[in-house]
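# Have a look at this prediction, sequence included:
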Amino acid sequence: MFLLPKGNPLFENLAATKLKLPEVMTKLSSGAFTGYASFIFQSSTTILVFESGKLVSTLLETQKGERQNGFEALSSLAELMVTANSGTMNVYKLSKDLTMCIHALLQGEILYKAQELKLIDIKTLLEKIKNDHMNGCLRIYTEDRSAIIFYKDGNPLGFFHDGSHDIETSSSESQKIAGMPGAKIDLYSTQGAEELMGTDLLKVANIQSIWETCVTRHHSDNAKISKEREERDQKTVSTKRAELEEQFKSIVVEYIGKAGRGIVDKEISDQGGNACLVDTAGSTKLLAAVDRSAKLLISGSSNKQMMEKLTDLITAAKADF
């Protein structure tokens, strides 16, 4: 995303994920705002350009350079505001002329794209911009430097370069970049401010509906994720209980023999299932019942050893659940 002149900051570094897009739009449109709002997230940046309260341009650009415009960009922005972990919103007030140039930079008609400056007759190009009374901007750049010249009716409004916060009157930085090896240019043109005033995306896109759709989908997705997580947890717990039950039976069979498995099955069933193994009251009753049955089949010392092992097993299992 190109750096943009900040102009007069109205808001900076607001937490975008705590805002509601319809409320933001209402505030900017009802205040006859002219300028742009930027929403910066980890994955993308969205620019909304306003002209006297009318939303004349939207652009979302991802970190990979993929772009969305119009309704698609607004829908993606709403989704990010609802779902992202973090993000910031900035709002900058600009003059009508400069706002028109921002529109050109973001979505204007591309007349030249990545043209090597050494192959361009720059004097002839500048004369054409003036003679055609062009509205737009000329971007001059290298791999790590860039400058933008904004035009209205063919006349330069000013200069903006990486690192500056506003339009400057000096062309020295632009001239430096133009003289660097490998310098290229992009040239964008757009309609005049009066024509742009006729466009208002807020009258075409139902922001409230877009927002509610994103919120509903997010809640539905969260509910689905929560249900799937709960089902996974239940399955894990069920598996662990079954393994614990088998360990419990193995100890009893070790001391009593095959009859021990039947004893454990009956007592666990009487307690309502193997959940009793990790329930304090249930495990106490289970151990007492197994102890009573075992005393009829094995000697006191063997029974004592078995019950100690069973008690240690249950104690360790409870800590793991």
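Noted; the coordinates are in hand. This structure is a prediction, so every number in the text was calculated from the model and none was measured.
# following the helix or strand of the chain with the lowest mean pLDDT, which helix or strand shows up next?
Taking mean pLDDT, DSSP states H and E as the measure, the chain has helix 193-196 as its least confident helix or strand, at a mean of 58. Of the helices and strands lying after helix 193-196 in sequence (DSSP states H and E), the nearest is helix 201-204.
# show me where pLDDT drops low in this structure?
Low-confidence segments of the chain, defined by pLDDT under 70, span residues 1-3, 162-166, 191-198.
# then stretch 140-153 to PDB, C-alphas only?
Output of stretch 140-153 as PDB, limited to C-alpha atoms (Å, rounded to 0.1, in the frame of the first residue of the first chain):
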ATOM      1  CA  ILE A 140       8.200   8.400  -9.200                       C
ATOM      2  CA  TYR A 141      10.000   5.500  -7.500                       C
ATOM      3  CA  THR A 142      12.800   3.100  -7.100                       C
ATOM      4  CA  GLU A 143      12.900  -0.200  -5.200                       C
ATOM      5  CA  ASP A 144      13.200   1.600  -1.800                       C
ATOM      6  CA  ARG A 145      12.200   5.300  -2.500                       C
ATOM      7  CA  SER A 146       9.100   6.900  -3.800                       C
ATOM      8  CA  ALA A 147       7.600  10.400  -4.300                       C
ATOM      9  CA  ILE A 148       4.200  11.400  -5.600                       C
ATOM     10  CA  ILE A 149       3.300  14.600  -7.500                       C
ATOM     11  CA  PHE A 150      -0.400  15.500  -7.300                       C
ATOM     12  CA  TYR A 151      -2.100  17.400 -10.100                       C
ATOM     13  CA  LYS A 152      -5.400  19.400 -10.500                       C
ATOM     14  CA  ASP A 153      -6.400  20.600 -13.900                       C
END
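# Renumber starting at 54 from here on
In the new count, where the first residue is 54, that last one comes out as stretch 193-206.
# Check the offset of that stretch from the chain's centre.
30 Å (C-alpha atoms, centre = their mean, to the nearest Å).
# OK, contacts around the residue positioned nearest the centre of the chain?
The geometric centre of the chain, computed from its C-alpha atoms, lies nearest to Ala137 (C-alpha atoms, centre = their mean), at 3.1 Å. Listed by C-beta atoms under 8 Å, 6 or more residues apart in numbering, the contact partners of Ala137 are 69-70, 94-96. (Glycine included, C-beta is placed from N, CA and C.)
# closest to Asn356 among the residues you listed?
Asn356 lies nearest to Thr70 out of the contacts of Ala137, by C-beta to C-beta, at 62.2 Å.
# Could you report the distance from Ala334 to Ile304?
21 Å (C-beta to C-beta, to the nearest Å).
# Neighbour count: the two, which is higher?
Here Ala334 and Ile304 are compared on neighbour count by other C-beta atoms under 10 Å; more neighbours surround Ile304, at 20 against 9.
# Tell me how many other residues crowd the closest residue to the more buried one other than its chain neighbours.
Ranked by C-beta to C-beta, 6 or more residues apart in numbering and with sequence neighbours excluded, the top spatial neighbour of Ile304 is Lys362, at 5.0 Å. The tally of other residues near Lys362 (other C-beta under 10 Å) stands at 17.
# in the host helix or strand of Lys362, what counts as buried?
Under the criterion DSSP H and E, the helix or strand holding Lys362 is helix 353-373. For helix 353-373, the buried set under the neighbour-count rule, 16 or more other C-beta atoms under 10 Å, comprises 356, 359-360, 362-363, 366-367, 370.
# okay if I get the residues you listed as JSON lines plus distance to Ser291?
JSON lines is the format used below for the buried residues of helix 353-373 (distance: C-beta to C-beta, whole Å):
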{"residue": "Asn356", "distance to Ser291": "30"}
{"residue": "Met359", "distance to Ser291": "26"}
{"residue": "Met360", "distance to Ser291": "26"}
{"residue": "Lys362", "distance to Ser291": "24"}
{"residue": "Leu363", "distance to Ser291": "21"}
{"residue": "Leu366", "distance to Ser291": "18"}
{"residue": "Ile367", "distance to Ser291": "18"}
{"residue": "Ala370", "distance to Ser291": "14"}
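# If anything else comes up later, I'll come back, but that's it for now.
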